[in-house]
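**Student:** sharing a model that was predicted from the sequence below.
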Amino acid sequence: VPSILSDPTLFKSAAYVDGAWISQGKAGSYELFNPSTGDRLAVLPKLDRGEVAQAIAAAHDAYGAWRQVPAKTRSIFLRRWFDLITENAEDLARLIVLEEGKPFAEAKGEVAYAASFIEWFAEEAKRIRGDIMAAPEKGGRIVVLKEPVGVCAAITPWNFPAAMITRKAAPALAAGCTMVVKPAEQTPLTALALAELAERAGIPKGVFNVVLGKSRDIGPELTGNVLVRKITFTGSTEVGSLLLSQAAATIKKASMELGGNAPLIVFDDADLDQAVDGMLATKYRNTGQACISANRAYVQAGIHDRFVEKLAQRVCALKVGDGFEDGVQQGPLIDEAALAKVEDHISDALAKGASLHSGGRRHARGGLFFEPTVMSGVTSEMRVTREETFGPVAPVIRFDSEAEAVAMANDTEFGLAAYLFSRDAARIWRVAAAIEAGMIGINTGLISNEVAPFGGIKQSGIGREGSIYGIEEFLEMKYLAWHGA
Ligand code: ADP
C-alpha cells in the first residue's frame with residue numbers, strides 16, 4: 001500500500017495517542033481489506049478499554065493548555081492542517097479509495113470537502129463571542145462568556161472516512177476542546193493520515209487522538225468516562241440511541257448525525273433534466289452509501305414515465321468498478337451485509353409488485369459490486385421505502401396530489417434530508433414548510449458544504465455540523481452576575 005502514495009509516510013497502521021504511535025494494542029489486532037479487490041491492506045492494533053482511558057486522560061491533560069492558546073494561534077494551527085491536507089489531497093484520496101471503495105474523483109471531492117471544514121473553523125475560531133446584557137437590578141451587569149466544552153469523544157462512520165472526522169474535529173479544536181476519535185473499523189487509514197498531518201501542522205500532542213479497537217468494547221469508555229464532556233457521533237440511529245443512553249449516566253453533551261430516509265419529490269412542473277441530474281447526484285454518489293442519499297423518489301403522474309425512462313437510461317450507463325479504474329462512477333458496497341440488504345429490499349419490492357428498469361442484481365464482476373438499479377411501481381408497504389437502503393437503488397413511487405406527496409414523504413421516523421423539484425416558487429415555499437427534515441435541496445441533489453448547517457430532526461439526530469452554528473456545539477455558556485467594581 002505505501003508504494004502507491006507519493007508520500008509513503010502517510011501510511012500508518014498504529015493508533016495515535018498523546019503524540020505517540022501505538023502499534024501494539026492490548027486487545028490484539030485486526031486485518032483490513034480493500035472492498036474492491038479483497039486484498040489485505042493492513043494489520044491494525046486493537047486497544048483495550050484501559051488504553052482508551054489513557055487516551056482520554058492524555059486529551060484531558062492537553063486540554064488545560066490548549067484552551068489557553070489564543071484563538072488566533074489555534075486558528076493558525078488549523079490553517080496549517082488545512083494546507084497540509086490540501087497539499088496531500090491525492091494521497092488522502094488514494095487511501096479513501098483503498099479502504100472505502102469510492103471512485104478516485106469522488107474521493108478527491110471528499111478530501112476537498114473534509115478540508116473545507118478545517119479552513120472554515122480556522123476562521124470561526126477567531127469569531128467566538130459572548131454577550132453583555134442589562135441586569136434587572138441597579139448596578140449589575142450580565143456577562144455571558146463562551147468556553148470550550150472540554151474533552152470530546154468522536155465516533156465516526158466508514159462512508160466518508162475523512163469528512164466525518166474533520167466536520168467534528170475542526171470546530172472542536174477551534175473552540176479549544178481536545179478530541180479522541182474512534183474511526184470506523186473499516187476506514188482507519190484515512191483517520192491516521194489525518195492525524196499524521198495534524199502532527200506535522202504542529203498541533204500539540206494530546207489535542208487530537210485516534211484510537212482503534214472493537215467498538216462494543218471501547219465505546220463504553222468513550223461514552224462513560226467522566227473526563228469526556230461531549231460525545232459527537234455520526235452513524236446509525238440504532239447505535240446513536242445506544243450511545244445517548246450510555247452518555248446519559250454522566251450527563252454528557254451530545255451531537256448525533258443519524259440515519260435518514262430522504263424523499264425526493266418531483267412535481268409535474270419540474271425541469272425534467274434537472275430532476276434526473278439531481279436524483280443521480282444524491283442517489284448514486286458513493287454508490288448510494290450516504291445518509292442524505294435520496295432513499296425514495298415520489299414523482300407526479302404527469303412527468304412520471306418520462307422521469308423513469310430518462311433515469312433508467314442514465315443509470316444503465318454508469319460505469320461500475322474499482323475506484324482507481326478510469327471513468328468508474330460506482331464502486332463496491334462496503335461489505336457482504338450491505339449487499340444482502342440491497343438484495344432483500346429489491347426482492348421484497350418485486351414480490352409486492354414493483355418492476356425493474358435497470359440493474360437489480362449483483363454485478364457480473366462479482367465481489368461486493370452491485371448493478372445500479374431503478375424500480376417503479378413502488379409503494380409505501382415495501383421495505384425499500386421504509387428503511388434506509390444504503391445502496392445504488394432508486395425506488396420510484398407515483399403520486400397525484402401535492403398533499404399526498406407531502407404525507408408520504410413525512411411518513412417516516414427520520415427527518416434528515418429531502419429534495420424538491422419544481423419551478424413554482426409558491427409550491428416550493430408551501431412544500432418546504434410542510435416537510436419534516438433538517439435540510440431540503442430545492443432543484444438540486446447536492447446540499448453539503450461547510451457554510452450550511454448539516455443535521456436532522458426526528459430520529460435523524462441532534463445538533464448541527466458545519467456553518468456558523470457548528471462551533472456552538474463545542475462551546476458552553478458561563479454567566480457572570482457582575483456587581484460593583
Ligand atoms: P454504519 O451503518 O455506518 O456502520 P454504525 O452506527 O454501525 O453505522 O457505525 C458508526 C460508528 O459507530 C462506527 O465507528 C462503528 O464502529 C461505531 N459503533 C457501532 N456500534 C457501536 C457501539 N456499540 N458502541 C460504540 N460505537 C459503535
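**Tutor:** The structure has been received and is ready for your questions.
**Student:** distance of the residue sitting furthest away from the middle of the chain from A354?
**Tutor:** Of all residues in the chain, K138 has its C-alpha farthest from the mean position, at 49.4 Å, by CA atoms, centre = their mean. Between K138 and A354 the distance, using CB to CB, to the nearest Å, works out to 72 Å. Placement of C-beta: from N, CA and C, glycine included.
**Student:** ok, the closest residue to A20 other than its chain neighbours to the ligand distance?
**Tutor:** In space, and not counting its chain neighbours, A20 is closest to K205: 7.6 Å by CB to CB, 6 or more residues apart in numbering. Remark: distance between K205 and the ligand (CB to the nearest ligand atom, to the nearest Å) = 24 Å.
**Student:** and for E325?
**Tutor:** Taking CB to the nearest ligand atom, one finds E325 at 25 Å from the ligand.
**Student:** so what does that residue have for phi and psi?
**Tutor:** Backbone geometry at E325, expressed as degrees, to the nearest 10, gives phi -80, psi 150.
**Student:** list the contacts of it.
**Tutor:** Listed by CB atoms under 8 Å, 6 or more residues apart in numbering, the contact partners of E325 are K319.
**Student:** and the one 5 residues further on, by the same measure?
**Tutor:** Contacts here follow CB under 8 Å, 6+ apart; on that basis Q330 touches P103, Y284, T287, L318, K319, V320, G321, F369, P372, P392.
**Student:** and for the nearest residue to it once chain neighbours are set aside, the neighbour number?
**Tutor:** Leaving aside its sequence neighbours, Q330 sits nearest to V320 (CB to CB, 6+ apart; 4.4 Å). Residues near V320, counting by other CB atoms under 10 Å, number 21.
**Student:** got the residues of the protein near the ligand?
**Tutor:** 155-158, 182, 184-185, 215-216, 219, 235-236, 239, 242 (CB under 6 Å from any ligand atom).
**Student:** now stretch 83-97 - C-alpha only, PDB.
**Tutor:** Extracted in PDB, the C-alpha atoms of stretch 83-97 (Å, rounded to 0.1, in the frame of the first residue of the first chain):
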ATOM      1  CA  ASP A  83      -2.900  23.500   3.900                       C
ATOM      2  CA  LEU A  84      -1.200  20.100   4.500                       C
ATOM      3  CA  ILE A  85      -4.400  18.200   3.800                       C
ATOM      4  CA  THR A  86      -4.800  20.200   0.600                       C
ATOM      5  CA  GLU A  87      -1.100  19.500  -0.400                       C
ATOM      6  CA  ASN A  88      -1.600  15.800   0.200                       C
ATOM      7  CA  ALA A  89      -5.100  15.600  -1.200                       C
ATOM      8  CA  GLU A  90      -4.200  12.900  -3.800                       C
ATOM      9  CA  ASP A  91      -2.600  10.600  -1.200                       C
ATOM     10  CA  LEU A  92      -5.600  11.000   1.100                       C
ATOM     11  CA  ALA A  93      -7.900  10.300  -1.800                       C
ATOM     12  CA  ARG A  94      -5.900   7.100  -2.600                       C
ATOM     13  CA  LEU A  95      -6.300   5.900   1.000                       C
ATOM     14  CA  ILE A  96     -10.100   6.600   0.800                       C
ATOM     15  CA  VAL A  97     -10.400   4.600  -2.500                       C
END
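**Student:** give me the mean pLDDT for it.
**Tutor:** For stretch 83-97, mean pLDDT is 98.
**Student:** could you do stretch 360-372 as well?
**Tutor:** Across stretch 360-372, pLDDT averages out at 97.
**Student:** and what of stretch 59-69?
**Tutor:** For stretch 59-69, the per-residue pLDDT averages 98.
**Student:** got a list of contacts for it?
**Tutor:** In contact with stretch 59-69 (CB under 8 Å, 6+ apart) are residues 18, 74, 77, 147-148, 150-151, 173, 176-180, 204-207, 209, 227.
**Student:** OK, contacts around the closest residue to N261 other than its chain neighbours?
**Tutor:** Spatial nearest neighbour of N261, excluding adjacent residues (CB to CB, 6+ apart): F414 at 4.2 Å. Residues near F414 by CB under 8 Å, 6+ apart: T237, L258, G259, G260, N261, A262, E388, G456, K458, Q459, S460.
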